[in-house]
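Engineer: just to be clear, the model below is a prediction. Sequence and coordinates:
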Amino acid sequence: MSNAPFTFSELEAQLNDTLELVLSTDRTTSDIANTLKDLTREQQEFVMKWSIVSSRSNAELAYQFVENSASAFRKMSMDDVHNWLIQAMDVYDRQGLYQAASVLRKVDKFSQAARGKTNSISFEEVAGVLEKFICGLSGRDLKLEAGDIFFTDTKRLFLPGVITRFKKQSDNYSLYKSMATQLWAQTWYGTFHINPVTELDQFERRDRALQLFCYLETIRLTHCIKRDLPGLHREMLALHDQSETPKLGPDWLTWIKKLEASKATVGDTYDAVTALYNLNKKIPESFYYQPLLNPEVVVAVMAERINEEKNALQHALNDMSGEFRSAKAEDDEPEELEFKVERHDDENEASGFRYELTADDEPVAPPIDVKNLLESIFQDLGEIPPEYLVAAGDGGYRPGGSESNNSCKPGDADVIYYNEWDYRRQQYRKNWCWLKEKDVHPNHEPFVEQTVKKHYGLIMNIRKTFEALRGEDRLLKRQTNGDDIDLNAVVEAHADMLHGMEMSDRLFTRPSRLERNIAVMFMVDMSGSTKGWINDAEREALVLLCEALEVLGDRYAIYGFSGLTRTRCEIYRVKKFDEPYSNDVRNRITGISPKDYTRMGVTIRHLSKLLNEVEARTKLLITLSDGKPDDFDGYRGEYGIEDTRQALIEAKHLGIHPFCITIDNEAHEYLPHMYGPVNYVLLNDVKKLPLKIADIYRQLTH
Amino acid sequence: METNVLQAEALFIKDEPYYEPVGAEIKIFDAAYQNGLPVLLKGPTGCGKTRFMEYMAWRLKRPLVTVSCHDDLTASDLVGRYLITAGNTVWIDGPLARAVRTGAICYLDEVVEARKDTTVVIHPLADDRRVLPIEKTGELLRAGPEFCMTISYNPGYQSVLKDLKQSTRQRFVAIEFDYPNAELEKKIVMHESQLDESLAGKLVKFAGMTRNLRGSGLEEGASTRLLVHAGKLISAGIEPRHACRAACSEALTDDPEMLNAVNELSASLF
Ligand SMILES: Nc1ncnc2c1ncn2[C@@H]1O[C@H](COP(=O)(O)OP(=O)(O)OP(=O)(O)O)[C@@H](O)[C@H]1O
Ligand SMILES: [Mg+2]
């Protein structure tokens, strides 16, 4: 083989071959070939070889790689170039093309890191751990996001995309953690119990007031952190030692002392702001971990949530009144109940508080959803205002009969009728839902192949684990034939014989594969809200599942569901139990697309019926969904949840095990009630669905 | 050791075991016992079920026969079998038969782990017949009033293959266990590990944090048992963070990211 470098045209020809899929008239390989022609032959061969390998994952990934490879070779050794590509492919597997391409474009960053010079740490590197860390600290679910401004809107925590402030990477990591904790502290220790917009608007120089507030509130919160999370506080202090501590005058110190008292509230911070604002002194430099504040955004996000929760609470209380009255059978007294709530510090509760609810001075135990609402409202407002405790009238939430044009007609031969549970009446509405089975319209795009390619490594892994699962050896005892003698059986047989009884012929042991006798039905949410990422994730997850189940040999069926009002419930066949995993099935998986609403009860009833017709020792009904039951004609809130729950109870009576996989972050509030506390999994990131699904299934049936 | 059924000893508990009542469980158990009803203890791992049984056995002054169930446990492991000595056969009672004969409290730990056909043996003992038929000898053992059948079950297991059958669970008076509340848990940790109040309080707080993560990546939060373990390590001079890591985090998860987060949580407290 010649050692001369490839020529421009040789390079171009090879690249055209490899990258064919992503080239067009506007996008040719000639520029790239130009940059590569000055590399050594060895380097060029490396690029060619790995472009082919990476194009097997994704041609665009390969394109990005070759496009940046000349610059990579200028900055790094071949080993490091190799590592750089491997990292990108790894990111591709986990986070997709966009993120992977960004790794490939950041040659500089990688080469610095390779030389061990890096002190920087990026949001991506810390987000996973920090999100769990914050979740462990308690309070409302908070999402972490990278953003230009370091602040929270009380729903999401925005952190910088990368931190390079300190020389040591571990310090930069500590800073990330401190920043995230400060934002969490704002939501947890009541920074927004007083409306920041109205408060700050009173100051003429609003900027100065805001800046002062940020500084002083950080001091107050840092003290709360010191009290409750001393270990973390020490870490925060350690960051400070590396800088100068500012010398502050006595007026500052007096106020800071007040803010460091255990009982200090945000009101004290505002008092301090007022006092020090007038002193007209320079505001000390910000702490490293001092968040910014965007009062308008905070107020808007809070207002929306509070309004929702106020409504939800009032409705929930209304339901409770109903139950309360019927329990006491005092219908002749139509007056509203008077609810009161008291909150007590209580270390025994995970949140640190206990809520005591009374109705007309009689204590009532709040149901879990009411408790969660109270907690969340309290977290926002620091109190439960009395008007929130007024039970709201019946409006809106009743199921009604607004039938649409596309409805099934009662006479249609293929319409199946199902009852629906009305929890208010505690009885079924007869033949309330009209359901039709349809086929998913097949789609011939190569979605399944792409998914298999994209998750190639994962699939190999799944195959391996599932094969092991299938092949789980176990020693069968008391067999009529086998490789080994079952001593216990022989002794027993001998004893029997001595007692004049017939001797058993089951005297052997035989290794055998555990026989799985499982039938599983997948019920896939095709409601409109799944549009986009969720639908993609669902379809990818189904592909991976099929791969896994084919190995396992479990019988499975896949049906999608959607609908619009009770007279148009639709079930979409993707794969029936007796159908092989054929191309038709693949095309139908590809064709799963978002439709209308989520009427879950009727779907569960129908699929339970199908599942019940199958012979199997264990029957599973697994729902993939993105939210609560919800339909256009009032099938929502408690009504939908209670009907779904009832349908699941019916399924259990048929010997079916229901299980739910959801990505709804609020699912904790209703899923335990519907499915039971252990019969669901919540994924906080839809992109994880394909990665996790096989694992979930394995755990469920091991 | 509980691992081998044949060694399960019928034993009288002489010293009062340390047990902190959490709710009405002692009263309920007492009442069930007086009425000859079998009892099912439901609850997550490490929340004090075994300790409770020891305490009740001591209180009722009955021997306690504990059998840890596993998936190879057969009916004759429980009931008994013939053995051969010098050409003769001798019947040897299994732990269940022995418990019935001696009027003991029989505790089948993690009963779902046993094979389905095994659980059926306890059915006649667990309803109002209160008998144990021994097929091999033709004997019908009648349980006296002191005998008590108790099983435990952890509903947290997600495997549907290991669910308790309705026909089994509906025979039992069920007592639900959960982790004790923070105050009590602190007291338990202090007592069991000789830690001071502040450290024990932090351990309990740490447990609360891991329980917040239940369902968001952790299958289970840290149990009281794990806290006691961590407490003992700390008492023995191990640095709290390391103790939490060794006794709790590693026991909770293998996922590196989650492990990291759990360690960060414990580090933030100490
Ligand atoms: N109420 C309690 N009183 C005293 N100690 C307790 C109590 N609850 C838990 N503990 C402590 O927790 C430890 C674990 O409890 P135990 O072994 O009884 O758990 P378990 O519920 O039987 O768990 P598993 O289901 O895993 O067998 C005990 O050794 C004891 O130290
Ligand atoms: Mg135990």
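Structural biologist: Alright, I've got the coordinates. Numbers count the residues shown, from 1 in each chain, chains lettered A, B, ... in the order given. Ligands and ions are numbered 1, 2, ... in the order given.
Engineer: could you find the closest non-adjacent residue to A:Ile377?
Structural biologist: Nearest residue to A:Ile377 in three dimensions, chain neighbours excluded: A:Glu309, at 5.4 Å (CB to CB, 6 or more residues apart in numbering or on different chains). Just so you know, the C-beta spots here come from the backbone N, C-alpha and C atoms, and that holds for glycine as well.
Engineer: bridging residues for B:Ser152?
Structural biologist: B:Leu41 (DSSP bridges).
Engineer: that one against B:Gly48, yeah?
Structural biologist: No: counting by CB atoms under 8 Å, B:Ser152 sits too far from B:Gly48 to count as a contact (10.9 Å).
Engineer: give me the element the residue in the stretch 151-270 of chain B that ligand 1 sits nearest to is part of.
Structural biologist: Nearest to ligand 1, among the residues of the stretch 151-270 of chain B, is B:Arg225, at 3.5 Å (CB to the nearest ligand atom). Assigned by DSSP states H and E, B:Arg225 belongs to helix B:224-235.
Engineer: buried residues in the helix or strand following that helix?
Structural biologist: Using DSSP H and E, the helix or strand that follows helix B:224-235 towards the C-terminus is helix B:240-244. Neighbour-count burial for helix B:240-244 flags B:240-241, B:243-244 (criterion: 16 or more other CB atoms under 10 Å in any protein chain shown).
Engineer: rewinding a little: average pLDDT for the helix holding B:Arg225, rounded please.
Structural biologist: Averaged over helix B:224-235, pLDDT sits at 96.
Engineer: and it, which residues are buried?
Structural biologist: Here helix B:224-235 shows B:224-234 as buried, counting by 16+ other CB under 10 Å.
Engineer: just stretch A:292-306 next, same as before
Structural biologist: Using 16+ other CB under 10 Å as the test for burial, stretch A:292-306 gives A:293-295, A:298-299, A:301-302, A:305-306.
Engineer: so which of those belong to helices?
Structural biologist: A:295, A:298-299, A:301-302, A:305-306 (DSSP state H).
Engineer: out of those, which is nearest to ligand 1?
Structural biologist: Ranked by distance to ligand 1 (CB to the nearest ligand atom), these are led by A:Arg305 at 38.2 Å.
Engineer: so what's residue 12 up against?
Structural biologist: Picking chain A for this. A:29-30, A:33 (CB atoms under 8 Å, 6 or more residues apart in numbering or on different chains).
Engineer: my question was about chain B
Structural biologist: So B:Phe12 contacts B:57, B:61-63 (CB under 8 Å, 6+ apart).
Engineer: mind checking the SS state of A:Tyr559?
Structural biologist: With DSSP: H, G, I helix; E, B strand; the rest coil as the basis, A:Tyr559 sits in strand.
Engineer: so how far is B:Thr119 from the nearest residue to it once chain neighbours are set aside?
Structural biologist: Counting by CB to CB, 6+ apart, A:Tyr559 lies nearest to A:Ile571, which is 5.5 Å off, once chain neighbours are set aside. Going from A:Ile571 to B:Thr119 by CB to CB, to the nearest Å gives 37 Å.
Engineer: how about A:His668?
Structural biologist: 33 Å.
Engineer: so these two - more neighbours on which side?
Structural biologist: B:Thr119 (23 against 18; other CB atoms under 10 Å in any protein chain shown).
Engineer: pLDDT wise, what is A:Glu330 at?
Structural biologist: 50.
Engineer: er, A:Val686 actually
Structural biologist: 68.
Engineer: for the residue nearest to A:Thr530 when sequence neighbours are not counted, grab the count of nearby residues.
Structural biologist: Take A:Thr530 and drop its neighbours on the chain: the residue closest to it by CB to CB, 6+ apart is A:Pro594, 4.9 Å away. Neighbour count for A:Pro594, taken as other CB under 10 Å: 18.
Engineer: from memory A:Gln44 sits against A:Leu36, does it?
Structural biologist: Yes: look at A:Gln44 against A:Leu36 with CB under 8 Å: they come within range, at 6.0 Å.
Engineer: overlap in contacts of those two?
Structural biologist: Joint contacts of A:Gln44 and A:Leu36 (CB under 8 Å, 6+ apart) are A:6, A:11.
Engineer: who has more neighbours, the two?
Structural biologist: A:Leu36 (25 against 21).
Engineer: quick check: the gap between the more buried one and A:Pro295.
Structural biologist: 54 Å.
Engineer: and for A:Ala59?
Structural biologist: From A:Ala59 over to A:Pro295 (counting by CB to CB), the distance is 48 Å.
Engineer: also B:Arg101?
Structural biologist: Per CB to CB, B:Arg101 is found 76 Å from A:Pro295.
Engineer: nearest residue to B:Thr168 other than its sequence neighbours?
Structural biologist: B:Thr119 (5.4 Å).
Engineer: what residues does the stretch 451-600 of chain A put near ligand 1?
Structural biologist: By CB under 6 Å from any ligand atom, no residue of the stretch 451-600 of chain A approaches ligand 1.
Engineer: poorly predicted segments of the stretch 451-600 of chain A, please.
Structural biologist: Residue ranges of the stretch 451-600 of chain A with pLDDT under 70: A:468-474, A:512-515.
Engineer: let me see the ranges of the helices in it.
Structural biologist: A:456-470, A:487-498, A:533-552, A:583-590, A:600-612 (DSSP state H, counting those that start in this stretch).
Engineer: just want the residue of the stretch 401-550 of chain A that's nearest chain B.
Structural biologist: A:Ala495 (3.4 Å; CB to the nearest CB).
Engineer: check the stretch 151-300 of chain A too.
Structural biologist: Using CB to the nearest CB, the closest approach of the stretch 151-300 of chain A to chain B is made by A:Leu232 at 3.8 Å.
Engineer: that residue touches A:Ala180, doesn't it?
Structural biologist: No: between A:Leu232 and A:Ala180 there is no contact under CB under 8 Å: 10.3 Å.
Engineer: which one's more surrounded, these two?
Structural biologist: A:Ala180 (26 against 23).
Engineer: dump the C-alpha coordinates for stretch B:216-236 into CSV.
Structural biologist: Extracted C-alpha coordinates of stretch B:216-236, given in CSV (Å, rounded to 0.1, in the frame of the first residue of the first chain):
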residue,chain,number,x,y,z
SER,B,216,-38.0,9.7,40.4
GLY,B,217,-35.2,7.3,39.9
LEU,B,218,-35.0,5.5,43.2
GLU,B,219,-37.1,2.4,43.7
GLU,B,220,-37.0,2.8,47.5
GLY,B,221,-35.8,5.4,49.9
ALA,B,222,-33.4,4.6,52.7
SER,B,223,-35.1,2.3,55.3
THR,B,224,-34.8,2.6,59.0
ARG,B,225,-32.5,-0.4,58.9
LEU,B,226,-30.1,1.4,56.6
LEU,B,227,-30.1,4.4,58.9
VAL,B,228,-29.3,2.2,61.9
HIS,B,229,-26.4,0.7,59.9
ALA,B,230,-25.1,4.2,59.0
GLY,B,231,-25.5,5.2,62.6
LYS,B,232,-23.5,2.3,63.8
LEU,B,233,-20.7,3.1,61.4
ILE,B,234,-20.6,6.7,62.6
SER,B,235,-20.6,5.5,66.2
ALA,B,236,-17.6,3.4,65.3
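Engineer: tell me if that stretch is near chain A.
Structural biologist: Yes: using CB under 8 Å from any CB of the partner chain, we find that stretch B:216-236 touches chain A at B:216-217.
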